[in-house]
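Engineer: What follows is a predicted protein model with its sequence.
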Amino acid sequence: MAFLTGEDLKICFNLFCCVYGVGTLGMPGNYARAGPAWATVALVFMAIVNIYASVCMSKVMLKAPRSVKTFGDMGEWCMGGFGRWSAVISHLLVCVMIPMVFLVLGGILLTILFPGSYKEDVWICLMGLSLLPVCLVPTLKEGAGAAAAGAIGTLLADGIALFLLVDNMTPKTEDTFPPAVSFKGVASVFGNLSLAYGAGIVIPALQREHSDPARMPRCIVVTLTLISVLFFIISVTGYSVSGCQIPGNLLFAIAGKSMGFESSRGGVVLAFLFMQMHITIAFAIIFFPAFFIAERMVLGLHKEAFALNDHAFSTMETPEQVADKNNTTRSAMMSQRDEDLALINEDYKKSNSYARVAMLRIVLVVLAVIASVLLKDKFLDLQSFVGASSTALCCMILPLVFYLKTFYRSLPLWEKCFAVLAALVSTFLAVYVSIDTGKTLFSPEALPANPPVFPYCNAEHAYVVYTNTTYYKGH
């Protein structure tokens with residue numbers, strides 16, 4: 001059999017489209033915060049741990065009975081009620097907080113695209129209002145097409161932004177300014193990298209659709225390795241021409257004149273519009289699981305669609321048995337998914353049910369808009385906080401815990417040590433970055449009278465524009 005079958009490639013494509021997003025914009029900024037050496041170590045560490053944790057989640061799904069369909073189901077099967085609630089709450093936080101990041105970024109992009117029109121808070125409210133009709137659709141069948149459009153939008157935005165940055169910074173001066181490396185700066189990249197990966201929220205759904213789920217670990221390794229290589233290319237390319245002066249968001253580097261040059265307005269507009277396309281598509285796709293979970297927890301809906309068989313939880317099946325049972329046709333799996341969707345739609349057709357659902361969804365979107373308006377001036381800290389506090393828990397820490405709980409007795413000693421160490425380091429960094437960025441978000445200190453233009457640089461370079469030789473010749 002081929003290394004990757006046609007169906008494997010489709011799964012890889014879907015996984016790539018779901019993971020590759022706004023987290024890419026912070027990659028060069030990670031190198032400016034931590035320096036090239038430590039940032040590379042951090043990127044390699046996060047790549048290894050995220051790939052491993054994602055494979056662990058897939059292996060637990062293979063071991064579990066087929067009645068285990070969601071991340072919450074996995075948590076309950078592994079660790080009972082505590083596992084269920086920890087998985088559901090972490091997943092809910094991811095699906096609510098990432099759209100907040102989208103709203104803030106979208107407000108900033110629209111303010112730059114349409115200067116002199118509205119401020120960021122107005123654009124955030126208008127974005128929430130424009131996206132509300134999509135959020136009120138009972139069920140969202142986004143399909144591979146929508147996810148692909150979002151990923152292509154990110155690829156094009158990254159490519160255009162990097163081209164404009166390299167083109168305007170070439171020929172460059174002899175040496176770039178080095179960053180002011182500190183433990184806080186090195187640790188801070190954890191949040192952005194956690195947000196950038198985040199594969200765990202889609203793996204259960206993709207694995208349910210594969211006719212041979214035993215091949216999922218291979219799909220995960222190939223896809224996340226490719227994404228990690230792209231992260232490295234973006235990081236090095238952006239940092240190599242700008243040093244510590246690269247902003248925390250790649251798109252901000254080509255907007256305005258803070259870097260000592262003015263980019264082509266057409267290129268800036270294209271890059272921003274492609275990223276805005278990604279935000280618009282991804283907002284509803286990521287928010288919908290939060291709607292579903294909230295409807296189940298608050299309104300008591302959808303209990304039948306994903307009800308678990310208690311007897312199945314008492315039976316630990318061998319991987320061979322699971323592989324045999326999962327060797328079904330793709331059509332049979334899709335019919336099960338259609339059956340689940342039919343049960344969900346039946347819930348919405350009950351008397352006054354959808355009116356309550358609509359009110360709940362409107363409340364969730366309004367709360368996300370309000371929170372985004374309040375936090376609009378702290379975009380980079382918000383991005384790191386979301387990655388460290390929720391995405392790391394959902395996509396790294398809990399999958400490792402569930403894997404250790406399920407396979408601890410059969411794992412070799414080296415893998416036990418690695419899994420425990422990865423979970424402990426990830427937990428420490430998640431707590432540290434969450435507290436550090438949380439202070440800035442929720443209890444900010446007064447800004448200095450003359451804040452540094454380039455906060456990642458040493459004091460002597462914090463106000464000095466590093467740019468290309470053409471700029472210096474003209475001044």
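Structural biologist: Nice, I can see it.
Engineer: burial count for Glu7?
Structural biologist: 15 (other C-beta atoms under 10 Å). From N, CA and C alone the C-beta is placed, and that goes for glycine too.
Engineer: so which helix or strand takes in it?
Structural biologist: Using DSSP states H and E, Glu7 maps to helix 6-19.
Engineer: element containing Asp381?
Structural biologist: helix 379-386.
Engineer: what's downstream of that helix, the next helix or strand?
Structural biologist: helix 392.
Engineer: name the helices or strands packed onto that next one?
Structural biologist: helix 183-197, helix 413-442 (3 or more C-beta pairs under 8 Å, 6 or more residues apart in numbering; DSSP states H and E).
Engineer: angle of the following helix or strand past that helix against helix 413-442?
Structural biologist: The helix or strand immediately downstream of helix 392 is helix 398-407, counting by DSSP H and E. Helix 398-407 runs at 150 degrees relative to helix 413-442, counting by axes from the mean of the first three to the mean of the last three C-alpha atoms, to 10 degrees.
Engineer: got the contact list for helix 398-407?
Structural biologist: 52-54, 56-57, 59-60, 63, 74-75, 78-79, 83, 86-87, 90, 200, 411, 416, 419-420, 422-423, 426 (C-beta atoms under 8 Å, 6 or more residues apart in numbering).
Engineer: List the buried residues in that helix.
Structural biologist: Leu398, Pro399, Leu400, Val401, Phe402, Tyr403, Leu404, Thr406, Phe407 (16 or more other C-beta atoms under 10 Å).
Engineer: same deal with stretch 245-258?
Structural biologist: Quick answer for stretch 245-258 (16+ other C-beta under 10 Å): Gln245, Ile246, Pro247, Gly248, Asn249, Leu250, Leu251, Phe252, Ala253, Ile254, Ala255.
Engineer: what's the answer for stretch 449-465, then?
Structural biologist: Phe454, Pro455, Tyr456, Cys457, His461, Ala462, Val465.
Engineer: what pLDDT does Ile89 get?
Structural biologist: As predicted, Ile89 sits at a pLDDT of 90.
Engineer: Quick check: it is in a strand.
Structural biologist: No. According to DSSP: H, G, I helix; E, B strand; the rest coil, the state of Ile89 is helix, so it is not within a strand.
Engineer: how many other residues sit next to it?
Structural biologist: Look at Ile89: counted by other C-beta under 10 Å, it has 17 neighbours.
Engineer: Show me the contact partners of whichever strand or helix holds Ala253.
Structural biologist: In this assignment (DSSP H and E), Ala253 forms part of helix 250-254. With C-beta under 8 Å, 6+ apart as the test, helix 250-254 has contacts from 24-29, 108-109, 157-158, 161-162, 164-165, 168, 234, 238, 242, 246-247, 258-259, 263, 267-268, 271-272, 275.
Engineer: Buried ones from those, can you make that a PyMOL selection?
Structural biologist: Buried subset of the contacts of helix 250-254, written as a PyMOL selection, criterion 16+ other C-beta under 10 Å:
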select buried, resi 24+25+26+27+28+29+108+109+157+158+161+162+164+165+168+234+238+242+246+247+259+263+267+268+271+272+275
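Engineer: Now, the contacts of helix 250-254 that are in helices?
Structural biologist: Residues from the contacts of helix 250-254 lying in helices, with DSSP state H as the criterion: 27-29, 108-109, 157-158, 161-162, 164-165, 168, 234, 238, 242, 267-268, 271-272, 275.
Engineer: thinking again about what came up before, may I see the buried residues of stretch 449-465 arranged in CSV, with pLDDT as well?
Structural biologist: Putting the buried residues of stretch 449-465 into CSV (pLDDT from 0 to 100) gives the following:
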residue, pLDDT
Phe454, 85
Pro455, 86
Tyr456, 88
Cys457, 87
His461, 79
Ala462, 81
Val465, 74
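Engineer: Which one of those residues is nearest to Leu15?
Structural biologist: Nearest to Leu15 among those, counting by C-beta to C-beta, is Tyr456 at 32.0 Å.
Engineer: need the contact list for the closest one.
Structural biologist: Here Tyr456 is in contact with Gly29, Ala32, Arg33, Pro179, Ala180, Gly185, Cys244, Gln245, Ile246 (C-beta under 8 Å, 6+ apart).
Engineer: what's the closest of those residues to Thr225?
Structural biologist: Taking C-beta to C-beta as the measure, Gly29 is the one of those closest to Thr225, at 22.6 Å.
Engineer: Need the pLDDT of that closest one.
Structural biologist: Listed pLDDT for Gly29 reads 93.
Engineer: Please apply the same query to Pro444.
Structural biologist: pLDDT, Pro444: 77.
Engineer: measure the closest residue to it other than its chain neighbours to Ala430 for me?
Structural biologist: Of all residues not flanking Pro444 in the chain, Lys378 sits nearest, at 7.3 Å (C-beta to C-beta, 6 or more residues apart in numbering). From Lys378 across to Ala430, the span is 19 Å (C-beta to C-beta, to the nearest Å).
Engineer: between those two, who's got more neighbours?
Structural biologist: Using other C-beta under 10 Å, the more surrounded residue of Lys378 and Ala430 is Ala430, with 22 against 17.
Engineer: residues touching that one, list them.
Structural biologist: Phe190, Ser194, Ala388, Ser389, Ala392, Leu393, Met396, Ile397.
Engineer: In terms of distance to Val96, which of those residues ranks first?
Structural biologist: Ser389 (11.6 Å).
Engineer: for that closest one, what are its contacts?
Structural biologist: Leu93, Met97, Ala430, Ser434, Gly438.
Engineer: Next one: Leu360 from Ile124, what distance?
Structural biologist: With C-beta to C-beta as the criterion, Leu360 and Ile124 are 21 Å apart.
Engineer: do the same with Ala449
Structural biologist: Taking C-beta to C-beta, one finds Ala449 at 28 Å from Ile124.
Engineer: Quick one: neighbours of the nearest residue in space to Asn30 that is not next to it in sequence, just the number.
Structural biologist: The shortest distance from Asn30 to any non-neighbouring residue, by C-beta to C-beta, 6+ apart, is to Val189 (4.1 Å). By the criterion of other C-beta under 10 Å, Val189 has 29 neighbours.
Engineer: For Val189, report the pLDDT, please.
Structural biologist: For Val189, pLDDT reads 93.
Engineer: And for Asn309?
Structural biologist: You'll see Asn309 listed with a pLDDT of 41.
Engineer: Pull the distance from the helix holding Ala253 to the chain's centre.
Structural biologist: How far helix 250-254 lies from its chain's middle: 19 Å, per C-alpha atoms, centre = their mean, to the nearest Å.
Engineer: quick one: low-confidence parts of this protein?
Structural biologist: Applying pLDDT under 70 to the chain picks out residues 1, 139-144, 172-175, 302-347, 466-475.
Engineer: give me every residue that touches the nearest residue in space to Ala147 that is not next to it in sequence.
Structural biologist: What sits nearest to Ala147 in space, not counting adjacent residues and going by C-beta to C-beta, 6+ apart, is Cys17, at 3.8 Å. Neighbouring residues of Cys17 by C-beta under 8 Å, 6+ apart: Ala144, Ala147, Ala148, Gly150, Ala151.
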